[in-house]
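K.L.:
Test case, fold it:
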Amino acid sequence: MPKRIKKKKIKKHDLKEDQFLKGIEELIVFYKRHQNLILGIIAGIILVAGGLSFYSLSKKKKELEAQKVLVNLELQIGAGRTKDIIPYIKQFIEQYWGTSAAVNGVLLLGDVYFNLQRYDDARKEFEKILKLTKNPLLRANAHEGIAQCMEEAGDYGGAIAEYKKAYELYPVPDMRMNALFQIARLHEERGSFQDAEETYRKIIRETESPYWKEKAQQRLSILSGLRQAAGG
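P.N.:
Just a heads-up that it's a prediction; the model follows:
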């Protein structure tokens, strides 16, 4: 009687190993067929990553360079070069457009125009700032610049409104108090003495600075004396 051959029982572990090897073989075949495409994709990813890194470093370098040029322009203005500095500021803004320093350059140009009594040109530059940045300090400076231009034009009501916007935006307490003081001063210019007194009292309530408290109290005393002299 022929001897029966005992069949080997296939275990799940062996089946999984076969499937794994089959998967590896299919992956090798796929790679060989699409080798150029795969290598191209990998190279593309490396190039993009490297490009982004280079762009980031280049942007930082440009910003630092722009800040140095801006400081130099400010020093020249401080030394008395005002009239002939305008073309250089414009060139700086154009060359470094896209940097935060260029936005500061627009503000600087507005200040130069204002000091040259070119109030319409100054106001245009200050209004540009409001479109270019969300930075609260720069926006507050722009509103204050617009307020000063409006005051020069005799529009005290408009100037007060702009100073109020500056007051709301300024992150520095002294700057906020200065904006309030200018509001009170303009109320006096308009003859709105009650509004002026209320604003001076607001300064005294809000500030911890002895300087601003004293200035506001002095104006309150003067206004009180004027009112008494007028029989009010």
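K.L.:
Tell me the secondary structure of residue 154, please.
P.N.:
In three-state terms, and counting by DSSP: H, G, I helix; E, B strand; the rest coil, residue 154 is coil.
K.L.:
and it, what pLDDT?
P.N.:
pLDDT, the model's per-residue confidence, is 95 for residue 154.
K.L.:
Count the residues that sit near it.
P.N.:
When neighbours are defined as other Cβ atoms under 10 Å, residue 154 has 10 of them. Yep, even glycine has a C-beta here, placed from its N, CA and C like the rest.
K.L.:
Residue 157 too?
P.N.:
Residues near residue 157, counting by other Cβ under 10 Å, number 11.
K.L.:
Could you shift the numbering so residue one becomes 776, and keep it that way?
P.N.:
Done: numbering now begins at 776, and the last item shifts to residue 932.
K.L.:
mind checking which helix or strand the closest residue to residue 908 other than its chain neighbours is in?
P.N.:
Closest residue in space to residue 908, ignoring its immediate chain neighbours: residue 878 at 5.2 Å, by Cβ to Cβ, 6 or more residues apart in numbering. Residue 878 is part of helix 875-890, with elements assigned from DSSP states H and E.
K.L.:
show me the contacts for the residue positioned nearest the centre of the chain.
P.N.:
Computing the C-alpha centroid of the chain and ranking residues by Cα atoms, centre = their mean puts residue 910 first, at 3.1 Å. If a contact means Cβ atoms under 8 Å, 6 or more residues apart in numbering, then residue 910 has 875, 878 as its contacts.
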